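S.K.: curious how this folds, go ahead:
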Amino acid sequence: MDVSVIVPTINASGVIGKLAASCFSQKYEDGTPVSAEVIVIDSSSSDNTVEIANSLGCKTIVIPVSEFNHGGSRNLAESMASGRVLMFMTQDAMPVNDMLFAALLKPLDDPLTAAAFARQVPRMDANPVEYFSRTFNYPDTRMVKSKDSIGLLGIKTFFFSNVCSAIKRDAFTEAGGFQSVIMNEDMMLSSKLILSDYKVVYEPLAIVYHSHNFSLIKQFKRHFDIGVSLKENNLLNYVRPDGEGLRYFVSGVRHFLNDNQRPTHKFFWLMYFVLQTIFRFIGYSAGIRYDKISKPLRKRLSGHPSYFK
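M.R.: Model prediction:
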């Protein structure tokens, strides 16, 4: 098998059929089909996600929702895989075309490249702030990241997304798979690979539709969990005070001030962008100091309260 596609799901009956069908119809540049299997690891959905997946020929695993873990659950699915390359996707990521796999696999021809991840373009319903965020984090410029990139990019060197990624099976095993972390299991694995002298590629020719119009509270909780994961895994040493967060904010302000597509609403979206950035920053700042916060309060601040047992 060329590729084993691993998709964690919960109540995904509205999307899993289309996603699985798209995975099974992928092809190489010469038109040859990509040999792929799809493994669905489902958190005890209350709808017919599993039945739909089974009917399309997917392998399925059902786990209690309380046992889901971003890293551990994916590792469990990997134990059933037979592909030489592991491809990780989320249930709400949709390939733009049938050349996604080919584009994502191509960088792996390099013996020193262990993993690659795809470009995410916003869905039609993405609000202007989410649209900016996706285009900022997923530009149309290819990037090859290695240990030599750390001085220039800081922690951005390790940025990697399991929304749509491909990892060589051997490199995944060598790195010990994903860690059982609250969040950013993809970034933690990427850091291991890069610090072990592998390269990781961001491939903008591999494209999926993916975006979320998260509320301010959801953004706070999400960034609290990001802070926790960076603190627990000792990646804060790579964070620079003039780094990606500041560049994101400055770029966003400029973007909305110059947004002539929405002249009557641009100041509203500018204010919303500033407010959302404040919520993200406060959540992240609390997360990197989670060890100074009581356990009951951690649970209230987190998007994954069961992590703090």
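
S.K.: isn't residue 132 right up against residue 254?
M.R.: No: using CB atoms under 8 Å as the test, residue 132 is too far from residue 254 to be in contact (10.3 Å). All C-beta atoms are positioned from the backbone trio N, CA, C, and that covers glycine.

S.K.: comparing the two, which shows the higher neighbour count?
M.R.: Between residue 132 and residue 254, residue 132 has the larger neighbour count (other CB atoms under 10 Å), namely 20 against 10.

S.K.: element containing the more buried one, please.
M.R.: helix 128-137 (DSSP states H and E).

S.K.: who does that helix touch, helix- and strand-wise?
M.R.: Using 3 or more CB pairs under 8 Å, 6 or more residues apart in numbering; DSSP states H and E as the contact test, the elements touching helix 128-137 are strand 113-121, helix 244-257, helix 266-287.

S.K.: winner for burial among these?
M.R.: Of all those, strand 113-121 carries the top mean neighbour count, a mean of 25, counting by mean count of other CB atoms under 10 Å.

S.K.: secondary structure element holding the residue lying closest to residue 176 once chain neighbours are set aside?
M.R.: Distances taken as CB to CB, 6 or more residues apart in numbering put residue 192 closest to residue 176, at 7.4 Å, once the chain neighbours are dropped. Using DSSP H and E, residue 192 sits in helix 185-195.

S.K.: parallel or antiparallel, which strands does the following helix or strand past that helix pair with?
M.R.: Downstream of helix 185-195, the first helix or strand assigned by DSSP H and E is strand 199-209. Within its sheet, and counting by DSSP bridges, strand 199-209 is paired with strand 94-95 (antiparallel), strand 113-121 (parallel), strand 143-145 (antiparallel).

S.K.: chain center to the first one, what's the gap?
M.R.: Going back to what we said before, that points to strand 94-95. Computed by CA atoms, centre = their mean, to the nearest Å, the chain-centroid distance of strand 94-95 equals 14 Å.

S.K.: avg pLDDT for the following helix or strand past that strand?
M.R.: Helices and strands here follow DSSP H and E; after strand 94-95, the next one along the chain is helix 100-105. For helix 100-105, mean pLDDT is 98.
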